[in-house]
Structure formats: C-alpha cells, structure tokens
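>>> structure for this input, please:
(one chain, ligands or ions: 1)
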Amino acid sequence: MTHQARKRFGQNFLVDEGVVESIVRAIAPASGENVVEIGPGLSALTQPLLRSLDRLTVIEIDRDLAARLRKTYPPDRLVVVEDDVLKVDFSALGDKLRIVGNLPYNISSPLLFHLMPYAGQVVDQHFMLQREVIDRMVAKPSSSDYSRLSVMLQSRYHMVKLFDVQPEAFDPPPRVVSAIVRMTPLPEDRPQPLSFHAFEQVVLKSFAQRRKMLRRGLAEWAGSIDWTGLGIPETARAEELSVAQFIALSDSLFAKGV
Ligand code: SAM
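From the prediction side, this is the model:
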C-alpha cells in the first residue's frame, strides 16, 4: 500500500531506522504507561513504541492513514483517534500522559500552546520539531533566540534539546534540520502566574517591542506601573527578563486590574 505524502498535513515520514531507534530509546516506553502519539503517519514510531507498550493511543488527522492504522493493529492495542490534534481534549485521555510525536511543523506553536493547560496530567512530552523552534523553546534570557515561546513554555516546563535529525532521515526530506526536545512539566508547587491570561498578555506585549526599554514599551498599554520590588532594572528590555521576572510583572499588573 503506497501513500502519497500530503503537504497540507506536514507529512515527512521518518525512514532512518537508526534515528527511529534513538528516538524510542530517548522516550524509553515501558509496559503499563499511558502513551499518546500525535501524527503516527506510516507507523515509523508507532510500531517500535508498541513493542514495549500494552496499549497506545494515536491521534491522526489523515483519514487514509487512520484507516490504514486500524487495519494494521488490533483495537485493544492501538486506539486510533481520527481528529485534528488541536481539537482534541486531552483531559479525556487519562492521567500520567506521556505524549510523543514527530510533529507536523506547520502547527508546532499552536500545538505546544494547546497542550499547556493539560501539563498537570502529563509526565513528559518528546517531540521532533524544526530545530530552530526548539532553539527558541530552550533559549535563555539575553540570547537572540529568547522569545515569547521561550518564556511561555519555560513557565510550565523544564525542556532539554536532545539531538538533531538531518533532512535525509525523512521521505520526502523537509527543507529544515529537525531536533528532538524533551519537555517535563514543572512541579505544581513552582510559582505560577496568578492569572495565566494576564501573563500571556504581558509576555505578548513585551516581546512586541523586544528591543525597546520595557518601561516605555508597556507604558501605553498598562499605564503607570509600580516597578519597586519587582527587581527589574529601569533600562531592562523584554529579552533580558527571566521567566520569574515576567511572572512577578504579570502578577503586579493583574493585582492592579490591567
Ligand atoms: N510519525 C510519522 C513519522 O515519524 O514518520 C509521521 C510524521 S509527519 C511529520 C506528521 C504526521 O502528523 C502525519 O501523519 C500527518 O498526517 C499528521 N498530522 C498533521 N496535522 C495533524 C493534525 N492537525 N492533527 C493530527 N495529526 C496531524
């Protein structure tokens, strides 16, 4: 059965056995675990994952690929959710989730944000993404990759870039280099923003003018801010603030009713 790769679904299928092995080793699936794979495609990861698992849930948008998976694996081993992952309610998939996937790169950021509210029921997430995106996810303050994505995700996850994957590992090869990231939700007792919405807004507004002094950049939107006690230097720019400083700033604006 051949399958013509569909560009609109970001289909680049992994064909390098060595890379598949390295990814599965990094995930280290074990019997009894609740693993969910996003975008199983032609089963490059699905099959080796199933070797260690009793049951695996997969989410696939492509009707033909979903049908093929249903034909290949018995339903008590592989649960196929045929849907757009951005519409899937992960709270219905159980607890202690381990989420994995060679993701469609065209929806990477929306998907990472879609998963954030479920972090409390997640053990870890292993994703293959465009390397550039992973560099932004793990970037530290004052580096050129430090961005809204870094701050938002680092407020909720500990993240490690594991290794690069070259385009030749796929069919068809993507135009970019890929990499694997491991995301582990931070413990619940870590300081969280009082309001996630306020935090999102502050980070968004701050990085809209990343090179401007933050005090000036936010003044128009938030009015006068009491900066005393926030530990943020007067001349600071968004790209210099730590995640903890963004949380403190957002909490103070939230308390002020912004
Ligand atoms: N895991 C396979 C592999 O490694 O060879 C396929 C990876 S391919 C980059 C991405 C997969 O995600 C495809 O199977 C594609 O159909 C699926 N996909 C794309 N958009 C999706 C969406 N919104 N929801 C669920 N699956 C999606």
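>>> what does the stretch 51-200 of the chain put close to the ligand?
With C-beta under 6 Å from any ligand atom as the criterion, the stretch 51-200 of the chain meets the ligand at residues 59-62, 65, 84-86, 102, 104, 107. Backbone N, C-alpha and C define where each C-beta goes, glycine included.
>>> return the distance of the helix or strand bottoming out on mean pLDDT in the chain from the chain's centre.
When the helices and strands of the chain are scored by mean pLDDT, DSSP states H and E, helix 214-222 comes last with a mean of 84. Helix 214-222 sits 29 Å away from the centroid of its parent chain (C-alpha atoms, centre = their mean, to the nearest Å).
>>> what packs against the very next helix or strand once past that helix?
Proceeding N to C from helix 214-222, the next assigned helix or strand is helix 243-255, under DSSP states H and E. The elements that helix 243-255 packs onto, with contact taken as 3 or more C-beta pairs under 8 Å, 6 or more residues apart in numbering; DSSP states H and E, are helix 148-154, helix 196-208.
>>> give me whichever of these is most buried.
Of all the helices and strands packed on helix 243-255, helix 148-154 has the most neighbours on average by mean count of other C-beta atoms under 10 Å, namely a mean of 22.
>>> pLDDT on that helix, on average?
Mean per-residue pLDDT for helix 148-154: 97.
>>> just how off-centre is the helix or strand that comes right after that helix within its chain?
Using DSSP H and E, the helix or strand that follows helix 148-154 in sequence is strand 157-165. With C-alpha atoms, centre = their mean as the basis, strand 157-165 stands 11 Å off its chain's centre.
>>> contacts made by the helix or strand just after strand 157-165 with the rest, please.
Proceeding N to C from strand 157-165, the next assigned helix or strand is strand 170-171, under DSSP H and E. Strand 170-171 has contacts (C-beta atoms under 8 Å, 6 or more residues apart in numbering) with 5, 12-16, 178.
>>> now the buried members of those.
If you count burial by 16 or more other C-beta atoms under 10 Å, the buried members of the contacts of strand 170-171 come out as 12-14, 178.
>>> how about the nearest residue to Pro29, chain neighbours excluded?
On the basis of C-beta to C-beta, 6 or more residues apart in numbering, the spatially nearest residue to Pro29 that is not a chain neighbour turns out to be Ser52, at 4.4 Å.
>>> right, and that neighbour touches Ala30 too?
Yes - between Ser52 and Ala30 there is a contact under C-beta atoms under 8 Å: 6.1 Å.
>>> which of the contacts of strand 170-171 fall in helices?
Judged by DSSP state H, the subset of the contacts of strand 170-171 located in helices is empty.
>>> run through who's touching stretch 15-22.
For stretch 15-22, contacts defined as C-beta under 8 Å, 6+ apart pick out 14, 44-45, 48, 163, 165, 168-171, 180.
>>> what pLDDT, on average, does it get?
Mean pLDDT, stretch 15-22: 98.
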